[in-house]
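Visitor: just need the structure, nothing else, for what follows:
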Amino acid sequence: MVQQPKQSNKRNARSAAGSGTSGDAEDPQWWRRIVAVGVIAGDLTPRAISRYGGVDEDLAAAALEVARREGVLTDGNVSAAQTALLQSELPPDRVASIHAAVAQWLLAQGTERLLEAITHARAAGALAPSDEIIALTDHAGRTHLSMGEYEIASQLLEIADEFGLADAAAERANRLLLLADALDGLGRVDDARAAAARAFDLAEVTGDAHLAARAAVRYALPAEWYAGNSRAAALLQRAEALQPDATDTTALTAARAIIEMRIPVTSDLDGEQMAWITRASVAQPLADAAIEASEHAPKSTRLLTLVAWRTTHRAPRHLTRRRQVSSDALDLAQRLRMPAQQVEAALLLAVDGLESGDRPRFDEALSVARWVASRDGNPRLEWQSLLLAASAAHLDGDLDVAGQLRVAARQIGDRIGFPGALGVDLFMLAQEITTTLDPDIARHLLFDDDDLRITNPLGRVAVALGHAVLGDNDAAERNLRRALRQVDEESSMLLLACRATAVARRLDVPDVSRELVRLLTPWAEHVAVDSNGWWCDGPVALALAELHHVLGEDTDAHTFANLAEGTARSMGDVRALRRIAELQPLLGERTPEVAPEFLTDREWSVLKLMAKGMTNPEIARELSYSASTIRNELSSIYRKLGVRGRPEAAARASELGLT
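Guide: Purely as a prediction, here's the structure:
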């Protein structure tokens, strides 16, 4: 039997629990309101009830004993039904005050029980200790974000935003930008953009040009799947209208260059983006201006301009500078410890390594991308690095591993709702199919000519190849010619032309083959790869060897096949080596004339202009070199081509398709 508590303690119980009853005999349920304090607090111990209910521990212990005897408390727990009933017996303001007391005490314990304190604070309503909550959650959110713990960081920063609605606009905007970073780290790009948009609105209202610029850039990047986001463009322009300083203006210009470079073709495929068009004439001047202005800018701004320039200058003629810019961007991103930028720069450098035939550089860049993505845990970065790893597996001739990596990437893309996931999966799948060219499998490449999925010329070439494999030459040629009308040096030109070669050599289309020879010859020492590094089609020289063979020019075919073999071996490109092995027996005996060694990119440019009839001074002005440099280049060209002067060099240029 539990002794009845003293009269003073009963008055204490009624007062603390807000019973409103009068007299001990009239209050047989006194213990229920005391136990209710523990139920609300989530802690049914005498000490907790005393702390939050304002009663002494002896009385709390007595109330708990009665609750056990009455069957309300069983094995230290109260049933859900009894919990609701006990809480309903207290006035709402009393319930709120208990929650507030619990929240206050938990907040005093530091960040370890912060989320638990938030639960009580929300229940406390207007009585919640908002200032303490904002300070703690904001600080903890920033700390977790700095450590790459995006899940808990986003939770805490969202809570701080929830309780900090009355804070100054600038303070809220800065917090929202941190929240955007955390959400992006979780792969929630749309939610990150929404947070950045709210931050921009707050900054714009206060006229804070610097904050508005940061928010606009944060909204724009990462760029949607090759999409010129109209709202991103609008925010960047509105930020510029606030007249920010030179550094912020440079960042805005770089961001504009990235989002203006590619715009989506209208798609109604459940939000999936399948095709795009490039706008180099719009984006490149912006990127050029930004990188020039960033020479002495803060490192983060400089990094953004490097990435913008590299993203908007994809043509083969930019390869030498691209390699340097990508390398500088990766070095800077690693020094700044910016994971997303590290992966992006590494992927760009990997593409440049592939196009250069530099497998060690490609492998090194891929290793950096995979390590950073794995350590950071951002699913968008993992998606990107898995796809590049699949490309490496294709180079090695391992279709099984390539397929496994492709599927793993697709699963991540689907999970985070990335708008390009389906398009990339189809792109990679086409690569698997075209490696085997099994007619039954090739049927998967066939789409209607007007299908949005093949608006992209690379997709159309894949369809053309499928038709050619199945013997429908008319459909193959129709799609091939349509694709070549879309050739754009900024849209994976070398890959498109080399893929077109795979179709042309199956068809009797000499004019197309000649056009492809003309297009590819200046870049014979390059490797054909798409702008993301997902599809490497082997040495450009191999495509040229195949074209010359189709045209009956086996001497040139031998020359290009030898060049291709050296490149393929240095790349470890198993697929290309197989194609070379299949081609060489078809070329017959090699003529004793040894073809000249190949020209550098600069020499090709000089030869092409000379073949058009330009004088040395005109060539010098066109290429921005000195006249003596042009003379030296021509001497080297004559030697390499085995000719004795300008007329013979021009004739050889004509044979190579440069005129």
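Visitor: okay, CA-based contacts and neighbour counts for the rest of this
Guide: Fine.
Visitor: helices of the stretch 551-659 of the chain, start to end?
Guide: Applying DSSP state H, counting those that start in this stretch to the stretch 551-659 of the chain gives helices spanning 554-571, 574-583, 601-611, 616-623, 627-641, 646-655.
Visitor: equivalent analysis for the stretch 51-200 of the chain, please.
Guide: Secondary structure of the stretch 51-200 of the chain (DSSP H, counting those that start in this stretch): helices located at 57-69, 80-88, 92-107, 114-124, 130-146, 150-163, 169-185, 189-206.
Visitor: any idea which of the helices of the stretch 551-659 of the chain gets closest to residue 74?
Guide: Among those, the nearest to residue 74 by C-alpha to C-alpha is helix 574-583 (70.7 Å).
Visitor: could you say what helices and strands the closest one packs with?
Guide: Judged by 3 or more C-alpha pairs under 8 Å, 6 or more residues apart in numbering; DSSP states H and E, helix 574-583 is in contact with helix 379-395, strand 536-539, helix 540-550, helix 554-571.
Visitor: can you put the ones you listed in JSON lines and add mean neighbour count and mean pLDDT?
Guide: Below are the helices and strands packed on helix 574-583 laid out as JSON lines (neighbours: other C-alpha atoms under 10 Å; pLDDT from 0 to 100):
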{"stretch": "helix 379-395", "mean neighbour count": "24", "mean pLDDT": "94"}
{"stretch": "strand 536-539", "mean neighbour count": "28", "mean pLDDT": "94"}
{"stretch": "helix 540-550", "mean neighbour count": "27", "mean pLDDT": "95"}
{"stretch": "helix 554-571", "mean neighbour count": "22", "mean pLDDT": "90"}
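Visitor: quick one: closest of these to residue 488.
Guide: That would be helix 540-550 among those, by C-alpha to C-alpha, at 16.7 Å.
Visitor: what sits up against the closest one?
Guide: Under the contact criterion C-alpha atoms under 8 Å, 6 or more residues apart in numbering, helix 540-550 has outside partners 494, 498, 501-502, 504-505, 513, 516-517, 520-521, 523-528, 554, 556-561, 563-565, 576, 580, 583, 587.
Visitor: can you check stretch 363-382 too?
Guide: With contact meaning C-alpha under 8 Å, 6+ apart, stretch 363-382 is reached by 148, 184-187, 339-340, 342-344, 346-347, 349-350, 385-386, 388-389, 409, 412-413, 416, 418.
Visitor: let's see it at 6 Å
Guide: Outside stretch 363-382, the residues within contact range by C-alpha atoms under 6 Å, 6 or more residues apart in numbering are 185, 186, 187, 343, 346, 350, 385.
Visitor: check which residues of stretch 602-621 are buried.
Guide: 603, 604, 605, 606, 607, 608, 609, 610, 611, 616, 619, 620 (16 or more other C-alpha atoms under 10 Å).
Visitor: give me the number of residues near the closest residue to residue 302 other than its chain neighbours?
Guide: The shortest distance from residue 302 to any non-neighbouring residue, by C-alpha to C-alpha, 6 or more residues apart in numbering, is to residue 294 (5.3 Å). Residue 294 sits with 22 neighbouring residues when counted by other C-alpha atoms under 10 Å.
Visitor: per-residue pLDDT of residue 294, please?
Guide: Listed pLDDT for residue 294 reads 97.
Visitor: got it, and residue 269?
Guide: Per-residue pLDDT puts residue 269 at 57.
Visitor: please state the offset of stretch 41-52 from the chain centre?
Guide: 49 Å (C-alpha atoms, centre = their mean, to the nearest Å).
Visitor: got a list of contacts for that stretch?
Guide: 37, 38, 56, 57, 60, 61, 101.
Visitor: most widely separated two among these?
Guide: Longest span within the contacts of stretch 41-52, C-alpha to C-alpha: 61 and 101, 19.8 Å.
Visitor: list the buried ones in the helix or strand where residue 331 lies?
Guide: Assigned by DSSP states H and E, residue 331 belongs to helix 319-336. Neighbour-count burial for helix 319-336 flags 319, 322-323, 325-334 (criterion: 16+ other C-alpha under 10 Å).
Visitor: of these, closest to residue 489?
Guide: Checking the buried residues of helix 319-336 one by one against residue 489 (C-alpha to C-alpha), the nearest turns out to be residue 319, at 12.1 Å.
Visitor: what separates the nearest residue to the closest one once chain neighbours are set aside from residue 313, distance-wise?
Guide: In space, and not counting its chain neighbours, residue 319 is closest to residue 352: 6.8 Å by C-alpha to C-alpha, 6+ apart. According to C-alpha to C-alpha, to the nearest Å, residue 352 stands 11 Å off from residue 313.
Visitor: could you check the pLDDT of the closest residue to residue 606 other than its chain neighbours?
Guide: The shortest distance from residue 606 to any non-neighbouring residue, by C-alpha to C-alpha, 6+ apart, is to residue 619 (6.8 Å). If you check residue 619, the pLDDT there is 87.
Visitor: low-confidence stretches in the stretch 251-400 of the chain?
Guide: By pLDDT under 70, the low-scoring segments of the stretch 251-400 of the chain are 266-272.
Visitor: run a quick neighbour tally on residue 485.
Guide: The number of residues packed near residue 485 is 9, by other C-alpha under 10 Å.
Visitor: mind checking how far the residue nearest to residue 606 is from residue 518?
Guide: Distance, residue 619 to residue 518, by C-alpha to C-alpha: 20 Å.
Visitor: leaving out sequence neighbours, find the closest residue to residue 333.
Guide: Of all residues not flanking residue 333 in the chain, residue 342 sits nearest, at 5.0 Å (C-alpha to C-alpha, 6+ apart).
Visitor: can you tell me the helix or strand for that neighbour?
Guide: Applying DSSP H and E, one finds residue 342 within helix 339-356.
Visitor: same check on residue 496?
Guide: Using DSSP H and E, residue 496 falls within helix 493-504.
Visitor: in terms of contact, does residue 531 touch residue 492 like I think?
Guide: Yes - the pair residue 531 / residue 492 is scored as a contact, 5.5 Å apart, by C-alpha atoms under 6 Å.
Visitor: got the CA coordinates for stretch 576-585 in CSV?
Guide: Extracted as CSV, the C-alpha positions of stretch 576-585 are listed here (Å, rounded to 0.1, in the frame of the first residue of the first chain):
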residue,chain,number,x,y,z
ALA,A,576,39.5,-0.4,-81.5
LEU,A,577,42.3,-2.9,-81.7
ARG,A,578,39.8,-5.6,-82.8
ARG,A,579,38.5,-3.3,-85.5
ILE,A,580,42.0,-2.6,-86.8
ALA,A,581,42.8,-6.4,-86.8
GLU,A,582,39.6,-6.9,-88.9
LEU,A,583,40.5,-4.1,-91.3
GLN,A,584,44.1,-4.8,-92.0
PRO,A,585,43.7,-8.0,-94.0
